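S.K.: I'd like to go over a predicted model; first the sequence, then the structure.
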Amino acid sequence: MNHFLLFAVFFATLITVFGGMQYLVYRAYKQWYAYVSKSEEQFQTYRKIGLGFIILGNTLFIPRFFIPQFGLQDVAAVQWFIINPGGIYFAIIFLLFLGVSVWYATRVLIKLWERLSVRWKSEEDKQQVHEVAYDPSRRDFIKKAGLVAFSAPALISTGAAIRTHHNYQISEVGLWYENLPSGLEGLKIAHISDIHSGMYMNRRQIQEIFELTNSLDPNMTIITGDIVDNHVNEIPNVRDSINMLKTDYGVFGVPGNHDHYADIGAGALMDALSDRKITMLQNSSSNLTINGEKLSIIGVDDNGNGDMDFMDLDASLRNANPDAFRMMLTHRPHVFDTNADANLHLTLAGHTHGGQVAIDLPGIEFYPIDFFQKYSRGLYTDGYRHLYVNTGVGLVAAPIRLVRPEITLLTLTSDKTQAEIKKRSV
C-alpha cells in the first residue's frame, strides 16, 4: 500500500468516525432546541448556532493533516490556530459524544423496561390515560439544563488540555530480577516514546523533553518509535536535537508506524539519524559490555497489519548474544506475546498513548484504551519477563491529551524491596 493510499484510508476512517460523533451530538442538540424553541425564529437561530459550531470546528481541526505537506508545522501562528481551537473543539465533541451515547443508551433501557413492565399491569391500568398538564417551568428547566450540558465540556476540556498537554509525569520503575548479573545492578534506563515531531510537537518542546530526560541521569536512553508524525518535513527538529541526550552507554531507538507513514520503510528517518548520537535498530541488535556483564539490545521494526508489517523477529535476534541480559525494543506492545520464546528479560514499547483521553481522578480511573489493548500502559510481568508500555510524550490525530505525557526511568535491581513504581510531576 503506497503512502498516498495509506493516508487516504486513514483520513477516510477519521472522517467517518469523527463525522459520526458530530452527527450524534448534533442530533441530540437538534432534539433539545426543537423542544425549547418558542418560535420558528428562535428555532432557526439555535439551528444556525449548532451548524456554525460544527463548520468552525472542522475548519480549525481538519487542516492539521495537510499542514506538514507544505512545511508549515513550525510556524507559530499556524500552530496556535490549529492546536488551541482545534484541540478544544475535538475535546468538546468527544465529551459530548460520550454523554449523548450514555443518554441514548439510558433511553433504550428505560423503554425496554417500560415494555416489559406493561405485561405485569392489569387491563384497567393499561387503559388508563394520564394527562400531564403543560408546565412552563419544566420547559425552562430543560432549556437551562441543555445549555449547561452543551457548554460544560468546553470548560472541562479546555482546562484539562491546558493542564495536561505539557504536564509531564516521571515514572520511576524498579524492575526486579532474581538472577540479575551483578554488573547490571542499578542500571538506569530512560524510556521515552511517541514523540510525534510535527504539528503538535515543535523543536522547543522536543528539546524540553530531552532536557527532562537528561535530568534523570540515565545510563542509557531508549526511544520506542513514532519519532515523527507523518511527513519527512518533521524529521529535522528531531535530527537537530537528538545529540542533546546524554548517557553512559548510548541512545537506542526503533521505528514506529508513523515513521513509516512519513516514508514507507522509514528510510528517510533512518538516513537522517545515521550520523546522530542514536543507534536505530531496525530488525537488528547491539551487544554491549557493562561492568563486565553482557547486555543485548534487540530492536524490531513496526509490527502492523498486512503490508505495514515490517517486523522480522528472526533477523533481529540473529546477532544477539544468547547468554546476555536481553532487552527488546518494539513500538507495539503486543510483540510481548510474539517474542515469548525468545529468552527476553525486558521489553519496552509505546504506541498506545494510554488512549490519550481518559479520566484519572482520586477514586475514579477510566481508560477506554483498556478495552481495546491487552497491554495498554504501565508494567506487565510474566515470570521473569517484564514489559513496560510508555504512554508517550506526543499527540496524534487530535491536539487534546487528558492522559499525562510520560518519561520513564527504569532501574534494574536484584533487591525485591526496590521493585516499586513511583510517579511524580515535573
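M.R.: Everything's here; your move.

S.K.: Now do stretch 228-242: distance to the chain's middle.
M.R.: Between the centre of stretch 228-242 and the centre of its host chain there is 19 Å, according to C-alpha atoms, centre = their mean, to the nearest Å.

S.K.: got the end-to-end distance for that stretch?
M.R.: Using C-alpha to C-alpha, to the nearest Å, the gap from the first to the last residue of stretch 228-242 comes to 13 Å.

S.K.: domains in this protein, as residue ranges please.
M.R.: According to the domain assignment given by automatic domain parsing, the chain is divided into the following structural domains: 3-162, 169-425.

S.K.: Out of those domains, name the one with the poorest average pLDDT.
M.R.: Taking the mean pLDDT of each of the domains of the chain, the lowest value is held by domain 3-162, a mean of 66.

S.K.: Quick check: which of the domains of the chain is buried the most?
M.R.: Using mean count of other C-beta atoms under 10 Å, the stretch among the domains of the chain with the greatest mean number of neighbours is domain 169-425 (a mean of 19). Heads up, the C-betas are built off the backbone N, CA and C, glycines and all.

S.K.: Could you report the distance from Leu410 to Arg377?
M.R.: Look at Leu410 and Arg377: by C-beta to C-beta, to the nearest Å, they are 15 Å apart.

S.K.: Also Ala320?
M.R.: 27 Å.

S.K.: Residue nearest the middle of this protein, spatially speaking?
M.R.: Nearest residue to the geometric centre of the chain (C-alpha atoms, centre = their mean): His353, 2.6 Å.

S.K.: What sits closest to that residue if chain neighbours are left out?
M.R.: With C-beta to C-beta, 6 or more residues apart in numbering as the criterion, His353 has its nearest non-adjacent residue at 4.9 Å, and that residue is Gly392.

S.K.: do Ser37 as well
M.R.: By the measure of C-beta to C-beta, 6+ apart, the closest residue to Ser37 outside its immediate chain neighbours is Phe43, 3.9 Å from it.

S.K.: Find the helix or strand that the one you found is a member of.
M.R.: With elements delineated by DSSP states H and E, Phe43 resides in helix 40-61, which encompasses its position.

S.K.: Just the CA trace of that helix, in CSV.
M.R.: Extracted C-alpha coordinates of helix 40-61, given in CSV (Å, rounded to 0.1, in the frame of the first residue of the first chain):
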residue,chain,number,x,y,z
GLU,A,40,-39.8,29.5,14.3
GLU,A,41,-37.3,32.4,14.5
GLN,A,42,-35.8,31.0,17.7
PHE,A,43,-35.7,27.5,16.2
GLN,A,44,-33.7,28.8,13.2
THR,A,45,-31.3,30.7,15.5
TYR,A,46,-30.5,27.6,17.5
ARG,A,47,-30.0,25.6,14.3
LYS,A,48,-27.6,28.2,12.8
ILE,A,49,-25.6,28.2,16.1
GLY,A,50,-25.2,24.4,16.0
LEU,A,51,-24.2,24.3,12.3
GLY,A,52,-21.9,27.2,12.7
PHE,A,53,-20.1,25.5,15.6
ILE,A,54,-19.6,22.3,13.6
ILE,A,55,-18.3,24.2,10.5
LEU,A,56,-15.9,26.4,12.5
GLY,A,57,-14.6,23.4,14.4
ASN,A,58,-13.8,21.4,11.3
THR,A,59,-12.2,24.4,9.7
LEU,A,60,-9.8,24.6,12.6
PHE,A,61,-9.3,20.9,13.1
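
S.K.: Which residues are in contact with the residue nearest to His353?
M.R.: Contacts of Gly392 were listed using C-beta atoms under 8 Å, 6 or more residues apart in numbering, and they are 192-196, 226, 350-354, 405-406.

S.K.: now with 7 Å?
M.R.: In this structure, Gly392 makes contact with 193-194, 350, 353, 405-406, judged by C-beta atoms under 7 Å, 6 or more residues apart in numbering.

S.K.: picking that back up, could you list every helix and strand in contact with the helix holding Phe43?
M.R.: Of the remaining helices and strands, those touching helix 40-61 by 3 or more C-beta pairs under 7 Å, 6 or more residues apart in numbering; DSSP states H and E are helix 3-36, helix 76-118.

S.K.: Which strand or helix spans Ile223?
M.R.: With DSSP H and E as the test, Ile223 turns up in strand 220-224.

S.K.: helix or strand right after that strand?
M.R.: Defined by DSSP H and E, the subsequent element after strand 220-224 is helix 236-239.

S.K.: so what secondary structure elements neighbour that following helix?
M.R.: For helix 236-239, the packing partners by 3+ C-beta pairs under 7 Å, 6+ apart come out as helix 203-215.

S.K.: Could you list the residues in contact with the helix it packs on?
M.R.: By C-beta under 7 Å, 6+ apart, the surrounding residues in contact with helix 203-215 are 74, 168, 190, 192, 195, 197, 221, 237-238, 240-241, 244-246, 393, 407, 426.

S.K.: how about the strands in the stretch 201-350 of the chain?
M.R.: Secondary structure of the stretch 201-350 of the chain by DSSP state E, counting those that start in this stretch: the strands cover 220-224, 251-254, 279-280, 284-290, 293-299, 325-329, 346-349.

S.K.: got those strands as TSV, with distance to Val335 columns?
M.R.: TSV is the format used below for the strands of the stretch 201-350 of the chain (distance: least, C-beta to C-beta, whole Å):
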stretch	distance to Val335
strand 220-224	11
strand 251-254	10
strand 279-280	17
strand 284-290	15
strand 293-299	11
strand 325-329	7
strand 346-349	7
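
S.K.: Out of the ones you listed, which is closest to Phe336?
M.R.: Closest approach to Phe336 among the strands of the stretch 201-350 of the chain (C-beta to C-beta): strand 346-349, 5.0 Å.

S.K.: roughly how far out does that closest one sit from the chain middle?
M.R.: In terms of C-alpha atoms, centre = their mean, the centre of strand 346-349 is set 18 Å apart from its chain centre.

S.K.: Please apply the same query to stretch 297-314.
M.R.: Its chain's average C-alpha position is 20 Å from that of stretch 297-314, according to C-alpha atoms, centre = their mean.

S.K.: Pull up the distance across that stretch, start to finish.
M.R.: Using C-alpha to C-alpha, the end-to-end distance of stretch 297-314 comes to 14 Å.

S.K.: neighbouring contacts of it?
M.R.: With contact meaning C-beta under 7 Å, 6+ apart, stretch 297-314 is reached by 1, 225, 252, 254-257, 260, 281-286, 288, 316-317, 320, 326-332, 335, 338-339.
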